[in-house]
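A.B. asks: one predicted model, sequence on top.
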Amino acid sequence: MLTLESATRRFSERFATSAQLTTEGREVIPGGYSRTSFNFGPHAVFVEGGDGAYIDTVDGHRLLDLNNNFTVNILGHGNQAISEALIAAIPSGTSFGNPVAEEAALARILIDRVASIDMVQFSCSASESVMSAIRVARAFTGRTLIAKFEGGYHGFTDPVSVSAHPHGGEEYGSDSKPRPVADSEGIPDAVVEHVVMLTQNDEAGTERILREHADDLACVIVELESGAGGHVVLRKGFVQMLRRVTAELGILLVIDETMTLRASFHGMQNTYGIDADITVMGKIIGGGLPLGAIGGRADVMGLLADGRVPISGTHHGHRLALIAGIACMTALDEAAYDRLNTMAGRILSEVGEWTAARRSPFTIFGSGYSSLAYAYCVEAGMTVETQRDHWRNVDAEKTQTFSLELANRGFFPVARGEFSLSLAMTDDDVTSYIETVKDIITDLEA
């Protein structure tokens, strides 16, 4: 019988060297490694290399990578175009205290793709770019409050580390009036008090709350398809209402496309038929190297040019990240997006139809046009439209068991059920994943 206990035991045996490295790492690094999001059951899986769609672990196993560094490596590992571009650049220097031409080149690529973007500024990560977006929005509007959605993850900084991973309880308030709760110790109450909470897909409630706080709200930040805090796809009518009301009230709409830029050649906002005031980008735009950016309307971004909002960092606009980003984004043409979404659509339809036919509690959630989706154990026929649906309906233990067992059988997803595809994957890889998912679910139901 497949249980969390049996899956964990096999995982620990299969990845014993990773367990040992975790133990040794704890002597010098809190937790054993610097990214706690690597946790996968009892410990992380250590990697010594990658090739195409696969990673090679220190334990001697080759796994089909369905994590891809949390959606970053959209071209797969060791991509030739990115590697050649970096190798050619390194002999002439890696880091300068001067601007480089590649910065404007990558900015133009992003501007050409996302209709709402007139200008771009780069940072080292999407987390930094979220901080920039919030500061710019406050300066532009002269207001101090920000609004975000329960379960919306926008990095680890204080203003957005509020109700990003809610788990239920009276402290989160009622369905109609959610309250902000700090995700971590060390976040001052004064920071939390500057955050207004919203509920995904609640049109009436969201509009009411926005109007109540209109005079003080600088911006609303939103993922159109949420990720780390729990997977929710926003309804088109809800998003269009959000755009209409924020525009009416003079509240800037910040769309976090850190993960969803992989969903559409023109950004996920294009699929909803809306334009953001500010767009946050990261992950794929650096081609596997650390890079974040904000892009937006010329009048809003102008605050960064005239010195009213000075934002600058030592490695902002880092040459190697820009070079890798140009190579990656150039390879991501419309045909590439079509292929990614075709693979994702096949997984969603084939697994979805199979689980529905047998009334299985497992469901694959995704928008249908994103190469990013999630496998969760929920009651058959249940939809997940808000973060609260997660804490009330998702069986976390069975979802974790499912993810551990994928690793045991040659795949590497994210422990929370997320998987993201890469262009290096083949149709056979997709078939293998689909058949393995069916086998694991059958064993769980036995």
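C.D. replies: Great, that's in hand.
A.B. asks: helices of the stretch 101-250 of the chain, residue ranges please.
C.D. replies: Counting by DSSP state H, counting those that start in this stretch, one finds helices in the stretch 101-250 of the chain at the ranges 101-113, 126-141, 189-192, 203-212, 236-249.
A.B. asks: give me the neighbour count for the nearest residue to residue 275 once chain neighbours are set aside.
C.D. replies: Of all residues not flanking residue 275 in the chain, residue 116 sits nearest, at 3.6 Å (CB to CB, 6 or more residues apart in numbering). C-beta: built from backbone N, CA, C; applies to glycine. By other CB atoms under 10 Å, the residues close to residue 116 number 20.
A.B. asks: so residue 116 is in contact with residue 298, correct?
C.D. replies: No. Taking contacts as CB atoms under 8 Å, residue 116 lies outside contact range of residue 298: 11.0 Å.
A.B. asks: about what we covered before: how close does the residue nearest to residue 275 get to residue 277?
C.D. replies: For residue 116, the distance to residue 277 equals 7 Å [CB to CB, to the nearest Å].
A.B. asks: common neighbours of these two, please.
C.D. replies: 296-297 (CB atoms under 8 Å, 6 or more residues apart in numbering).
A.B. asks: what residues are up against residue 122?
C.D. replies: Residues in contact with residue 122, defined by CB under 8 Å, 6+ apart, are 103, 106-107, 291-293, 316-317, 322.
A.B. asks: what sits opposite it in the beta ladder?
C.D. replies: Note on residue 122: beta-bridge partners by DSSP bridges are residue 293.
A.B. asks: how near is it to residue 312?
C.D. replies: When distance is defined by CB to CB, residue 122 is 11 Å away from residue 312.
A.B. asks: residue 13 now?
C.D. replies: From residue 13 over to residue 312 the distance is 49 Å, taken as CB to CB.
A.B. asks: from residue 57, how far off is the residue nearest to residue 275?
C.D. replies: 41 Å.
A.B. asks: ditto for residue 237
C.D. replies: Look at residue 237 and residue 57: by CB to CB, they are 45 Å apart.
A.B. asks: looking at the two, which is more packed in?
C.D. replies: residue 57 (19 against 11).
A.B. asks: what sits against the more buried one?
C.D. replies: Residue 57 touches 15, 17-18, 45-48, 63, counting by CB under 8 Å, 6+ apart.
A.B. asks: try residue 167
C.D. replies: Each residue near residue 167 by CB under 8 Å, 6+ apart is listed here: residue 391.
A.B. asks: need the contact partners of stretch 269-279.
C.D. replies: So stretch 269-279 is contacted by 114-117, 133, 136-137, 219, 224, 234, 236, 239-240, 243, 246, 252-255, 257, 263-264, 267, 294-297, 300, 369 (CB under 8 Å, 6+ apart).
A.B. asks: endpoints of that stretch, how far apart?
C.D. replies: End-to-end span of stretch 269-279 (CA to CA, to the nearest Å): 9 Å.
A.B. asks: then stretch 364-378?
C.D. replies: 10 Å.
A.B. asks: packing partners for the helix or strand harbouring residue 341?
C.D. replies: Using DSSP states H and E, the element containing residue 341 is helix 334-357. Helices and strands touching helix 334-357, by 3 or more CB pairs under 8 Å, 6 or more residues apart in numbering; DSSP states H and E, are strand 362-365, strand 372-377, helix 427-445.
A.B. asks: and those, which one averages the lowest pLDDT?
C.D. replies: Confidence, taken as mean pLDDT, is least for strand 372-377 of the helices and strands packed on helix 334-357 (a mean of 70).
A.B. asks: how about the CA coordinates for whichever helix or strand comes after it, as PDB?
C.D. replies: Counting by DSSP H and E, the next helix or strand C-terminal to strand 372-377 is helix 387-393. Only the C-alpha atoms of helix 387-393 are listed here, as PDB (Å, rounded to 0.1, in the frame of the first residue of the first chain):
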ATOM      1  CA  GLN A 387      -6.600  30.100  -1.600                       C
ATOM      2  CA  ARG A 388      -9.200  29.100   1.000                       C
ATOM      3  CA  ASP A 389     -10.200  26.200  -1.200                       C
ATOM      4  CA  HIS A 390      -6.700  24.900  -0.700                       C
ATOM      5  CA  TRP A 391      -6.600  24.900   3.100                       C
ATOM      6  CA  ARG A 392     -10.100  23.500   3.200                       C
ATOM      7  CA  ASN A 393     -10.100  20.900   0.500                       C
END
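A.B. asks: quick one: residues contacting the residue nearest to residue 275.
C.D. replies: By CB under 8 Å, 6+ apart, the neighbours of residue 116 are 269, 275-277, 279, 295-297.
A.B. asks: out of the residues you listed, who's nearest residue 328?
C.D. replies: Distance to residue 328, by CB to CB, is smallest for residue 295 among these, at 16.7 Å.
A.B. asks: so where is the protein shaky, pLDDT-wise?
C.D. replies: Across the chain, residues meeting the criterion (pLDDT under 70) sit at 38, 367-370, 372-374, 376, 379-382.
A.B. asks: distance of residue 388 from residue 40?
C.D. replies: Separation of residue 388 from residue 40 (CB to CB) stands at 26 Å.
A.B. asks: whoops, residue 413 was the one
C.D. replies: Plainly put, residue 413 is 9 Å away from residue 40 if you go by CB to CB.
A.B. asks: who has more neighbours out of those two?
C.D. replies: A direct count of neighbours by other CB under 10 Å for residue 413 and residue 40 places residue 413 higher, at 24 against 21.
A.B. asks: ok, residue 332 touching residue 265?
C.D. replies: Yes. Counting by CB under 8 Å, residue 332 touches residue 265, with 7.4 Å between them.
A.B. asks: pick out whichever of those two has more residues nearby.
C.D. replies: Using other CB under 10 Å as the criterion, residue 332 and residue 265 rank with residue 332 on top: 22 against 15.
A.B. asks: which residues touch residue 323?
C.D. replies: Residues near residue 323 by CB under 8 Å, 6+ apart: 85-86, 89, 102, 287.
A.B. asks: please redo it, this time with the cut-off set to 6 Å
C.D. replies: Counting by CB atoms under 6 Å, 6 or more residues apart in numbering, residue 323 touches 85, 89, 102.
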